[in-house]
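# Compute the structure for the input listed below.
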Amino acid sequence: RCPGTEARRAWQATYVRKSVLADVLCSLVSALVGWAVRFGPASLDPGHVPFWIVAALPLAWVGAMLVARSYEQRFLWIGAEEFRRVFFAAMLMLAAVGTVSWALKLDLARGFVVVALPLATVATLLTRYVLRARLHRARGRGLFLQTAVLVGHRNGVGALKRQIEREKYHGYSVVGCLLPGGQHLPAQSLFDGIPVLGGLDDVVAVVERFEVDTVAVLPSPELDGPRLRRLGWDLEKTNAELLLAPAVTEIVGPRVRIRPVCGLPLLHMERPELRGIRRVAKDTVDKTVSALALLALLPVLLGVAAAVGLTSRGGVFYRQERVGRDGQTFSMLKFRSMVAGADAMVDHLAGGNDGNGVLFKQKTDARVTRVGKVLRRYSLDELPQLLNVLRGHMSLVGPRPPLPTEVERYGFDMHRRFLVKPGITGLWQISGRSDLSWDDSVRIDVRYVENWSLTFDFMILWKTVGAVLRGSGAY
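Now for the predicted structure:
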């Protein structure tokens with residue numbers, strides 16, 4: 001039997017209190033810095049100039065966060081909505097300051113506002129990120145988890161269970177499942193490593209017995225609309241929340257909207273943002289950032305090129321044919337990290353493949369040079385691909401660029417990835433790289449194409465830094 005729901009959720013109120021306290025401290029420090037910048041350090045003496053605005057900013061800042069609902073638990077811990085609401089609160093605060101000062105003819109120092117509000121915004125976003133990162137690390141150690149039971153057929157339950165295990169930082173711990181006809185299974189039976197606690201009629205009883213936090217229901221013909229509605233009513237008497245998994249998976253929130261159609265709330269799936277002005281914006285960002293990165297990294301590029309050329313025979317660059325957007329092939333550039341003629345040695349090494357069955361990888365590949373090991377560990381061998389981005393063959397973020405031999409083995413779903421350019425980094429890079437199975441590689445490539453947006457790209461670029469420093473799957 002698991003600890004009670006209230007005991008497991010006690011940390012949530014503490015987390016919210018820490019967020020409020022952090023926001024107060026961020027806004028207070030920002031107000032002091034803004035006041036000192038505007039009037040000089042001597043102005044911090046309350047008798048020097050009116051000091052009330054420094055004390056007022058934290059109160060107004062927390063008030064704006066409350067109006068923007070940035071402390072509601074459904075927006076915390078996971079996803080970008082918390083950060084969007086913090087940014088919205090900052091814009092609201094700026095608009096309110098301007099409106100009130102104009103309406104009441106208050107003589108607010110513009111220099112103070114220009115320094116204090118942006119500083120408070122950045123500081124708040126950073127502290128929220130730090131709090132979230134600490135929580136995610138704790139969840140990786142098995143702390144602050146919500147118990148969950150999965151309801152549905154075996155295939156759906158198994159897939160959802162594996163997805164939850166892949167992303168433990170979301171905070172769910174699966175304690176069991178309920179399957180159609182599960183009440184007739186032997187006691188203590190297991191499916192995919194988790195206990196089968198009963199059938200579809202036993203959901204409420206299981207929730208009450210084990211004090212479950214979350215019930216995740218997958219699409220099932222046995223659970224039609226009226227039965228789901230009654231299940232929702234029955235769960236209102238408990239502390240458990242009800243999650244409904246849609247039949248269409250790998251589609252994130254921005255593409256899914258609930259719209260009333262013929263008096264019914266139906267899910268509307270928007271088209272993926274792959275063409276038009278959004279594609280132009282992505283291409284513009286790609287080429288601008290890659291050009292600036294090449295200029296900034298020029299000393300690093302020259303140093304790596306010298307290290308490769310001076311420590312082993314062969315050219316500095318390695319060119320390989322890859323498949324890009326619309327199935328067109330191109331020559332992808334990398335710094336050479338293996339001995340010359342490494343491609344011809346694959347047939348002799350195939351028995352020691354540590355890859356996913358389609359890609360050939362070895363964790364201790366004898367063909368990799370000493371310099372190449374360092375380059376691969378920190379992904380420095382991929383820096384020349386910035387030139388591919390400038391030439392329009394690749395993007396900063398996208399699916400992994402495949403080999404023609406891989407494409408020959410693709411199923412129908414995987415051809416979806418050719419709607420966009422391959423990327424230097426992507427979901428594959430931040431999700432484990434070579435440690436991923438082939439099915440997982442397929443899943444995340446299709447997921448990226450289905451859910452592309454500039455915000456999604458920036459999130460992946462941010463997480464790439466941590467993935468490169470950790471070096472997981474880099475071999």
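
# Wait, Met459 touches Ala80, no?
Yes - in terms of Cβ atoms under 8 Å, Met459 counts as a neighbour of Ala80; the distance is 6.9 Å. The way it works is simple: take the backbone N, C-alpha and C, and place the C-beta from them, glycine included.

# Quick one: residues contacting Val174.
When contacts are counted by Cβ atoms under 8 Å, 6 or more residues apart in numbering, Val174 touches Thr147, Ala148, Val149, Leu150, Lys161, Ile164, Glu165, Ile194.

# mind running it again at 6 Å?
By Cβ atoms under 6 Å, 6 or more residues apart in numbering, the contact list for Val174 reads Ala148, Lys161, Ile164, Ile194.

# Can you identify each of the helices in the stretch 351-475 of the chain by residue range?
370-377, 385-390, 404-407, 427-430, 438-450, 454-470 (DSSP state H, counting those that start in this stretch).

# what's the most buried one of those helices?
Across the helices of the stretch 351-475 of the chain, the average number of neighbours (mean count of other Cβ atoms under 10 Å) peaks for helix 427-430, which reaches a mean of 23.

# Contacts for that one next, please.
With Cβ under 6 Å, 6+ apart, helix 427-430 has contacts from Arg400, Ile444, Tyr448, Lys463, Thr464, Ala467.

# Tell me which of the helices of the stretch 351-475 of the chain sits nearest to Glu236.
Evaluated over the helices of the stretch 351-475 of the chain, closeness to Glu236 peaks at helix 438-450, with 33.1 Å, by Cβ to Cβ.

# how distant is the closest one from the center of its chain?
Chain-centre distance of helix 438-450: 14 Å, with Cα atoms, centre = their mean, to the nearest Å.

# Which strands or helices does it pack on?
Identification of packing neighbours for helix 438-450 by 3 or more Cβ pairs under 6 Å, 6 or more residues apart in numbering; DSSP states H and E yields helix 427-430.

# With Gly140 as the reference, measure out to the residue nearest to Val407 when sequence neighbours are not counted.
Counting by Cβ to Cβ, 6 or more residues apart in numbering, Val407 lies nearest to Val323, which is 5.2 Å off, once chain neighbours are set aside. According to Cβ to Cβ, to the nearest Å, Val323 and Gly140 sit 36 Å apart.

# cool, Val97 as well?
Taken as Cβ to Cβ, the span from Val97 to Gly140 is 41 Å.

# do Val300 as well
Distance from Val300 to Gly140, by Cβ to Cβ: 32 Å.

# Now do the phi/psi pair for the nearest residue to Gln146 once chain neighbours are set aside.
In this structure, Gln146 finds its nearest non-sequential neighbour in Asp213, 3.9 Å apart by Cβ to Cβ, 6+ apart. Asp213 has phi and psi values of phi -90, psi -40 when expressed as degrees, to the nearest 10.

# Just give me the neighbour total for Asp213.
Using other Cβ atoms under 10 Å, Asp213 has 23 neighbouring residues.

# Per-residue pLDDT of it, please?
Note on Asp213: pLDDT of 87.

# Next one: it relative to Trp11, how far apart?
For Asp213, the distance to Trp11 - Cβ to Cβ - is 12 Å.

# roughly how far is whichever strand or helix holds Pro299 from the heart of the chain?
Using DSSP states H and E, Pro299 sits in helix 298-311. The chain centre lies 33 Å from the centre of helix 298-311; the measure is Cα atoms, centre = their mean.

# Pull the residues that contact it.
The contact list for helix 298-311 (Cβ under 6 Å, 6+ apart) reads Val316, Phe335, Arg336, Val371, Leu380.

# Mind checking the pLDDT average for the helix or strand following it?
Per DSSP H and E, the first helix or strand lying C-terminal to helix 298-311 is strand 317-323. In this model, strand 317-323 carries a mean pLDDT of 90.

# what's around Val100, how many residues?
By other Cβ under 10 Å, 12 other residues sit near Val100.

# For it, which three-state class applies?
Put simply, Val100 is helix when judged by DSSP: H, G, I helix; E, B strand; the rest coil.

# Helix or strand for Cys26, just tell me which one.
Judged by DSSP H and E, Cys26 forms part of helix 5-39.

# just Leu333 next, same as before
Element membership for Leu333, per DSSP H and E: strand 329-335.

# Leu59 too?
If you go by DSSP H and E, Leu59 is part of helix 52-67.

# Show me what counts as buried in that helix.
For helix 52-67, a neighbour-count test (16 or more other Cβ atoms under 10 Å) marks Ile53, Val54, Leu57, Pro58, Ala60, Trp61, Val62, Ala64, Met65 as buried.

# Can I get it in CSV, CA atoms only?
Only the C-alpha atoms of helix 52-67 are listed here, as CSV (Å, rounded to 0.1, in the frame of the first residue of the first chain):
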residue,chain,number,x,y,z
TRP,A,52,8.2,53.7,-1.7
ILE,A,53,8.5,52.4,-5.2
VAL,A,54,11.2,49.9,-4.2
ALA,A,55,8.9,48.4,-1.6
ALA,A,56,5.9,48.5,-3.9
LEU,A,57,7.5,46.6,-6.8
PRO,A,58,7.6,43.2,-5.0
LEU,A,59,3.9,43.5,-4.0
ALA,A,60,2.9,44.5,-7.5
TRP,A,61,5.1,41.8,-9.0
VAL,A,62,3.5,39.0,-7.0
GLY,A,63,0.1,40.5,-7.8
ALA,A,64,0.8,40.4,-11.5
MET,A,65,1.9,36.7,-11.1
LEU,A,66,-1.4,35.9,-9.4
VAL,A,67,-3.4,37.6,-12.1
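
# pLDDT on stretch 149-158, on average?
Averaged across stretch 149-158, the pLDDT comes to 86.

# and what of stretch 10-29?
Across stretch 10-29, the average pLDDT comes to 90.

# In CSV, list the C-alpha atoms belonging to that stretch.
Written as CSV, here are the backbone C-alpha positions of stretch 10-29 (Å, rounded to 0.1, in the frame of the first residue of the first chain):
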residue,chain,number,x,y,z
ALA,A,10,2.4,17.9,0.6
TRP,A,11,5.5,19.0,-1.3
GLN,A,12,3.4,20.8,-3.9
ALA,A,13,2.2,23.5,-1.5
THR,A,14,5.8,23.9,-0.4
TYR,A,15,7.0,24.3,-4.0
VAL,A,16,4.4,27.0,-4.6
ARG,A,17,5.5,28.9,-1.5
LYS,A,18,9.1,28.7,-2.6
SER,A,19,8.1,30.1,-6.0
VAL,A,20,6.3,33.0,-4.3
LEU,A,21,9.3,33.7,-2.1
ALA,A,22,11.7,33.6,-5.0
ASP,A,23,9.6,36.0,-7.0
VAL,A,24,9.5,38.4,-4.0
LEU,A,25,13.3,38.3,-3.6
CYS,A,26,13.9,38.6,-7.4
SER,A,27,11.7,41.7,-7.7
LEU,A,28,13.1,43.3,-4.5
VAL,A,29,16.7,42.9,-5.7
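
# what's in contact with it?
Applying Cβ under 6 Å, 6+ apart, the contact partners of stretch 10-29 are Leu57, Pro58, Trp61, Val62, Met65, Tyr71, Gln73, Ala120, Ala123, Thr124, Thr127, Phe144.

# who touches the fourth one in this structure?
Residues in contact with Val62, defined by Cβ under 6 Å, 6+ apart, are Asp23.

# do the same with the third one
Residues near Trp61 by Cβ under 6 Å, 6+ apart: Ser27.

# Can you check the pLDDT for it?
90.
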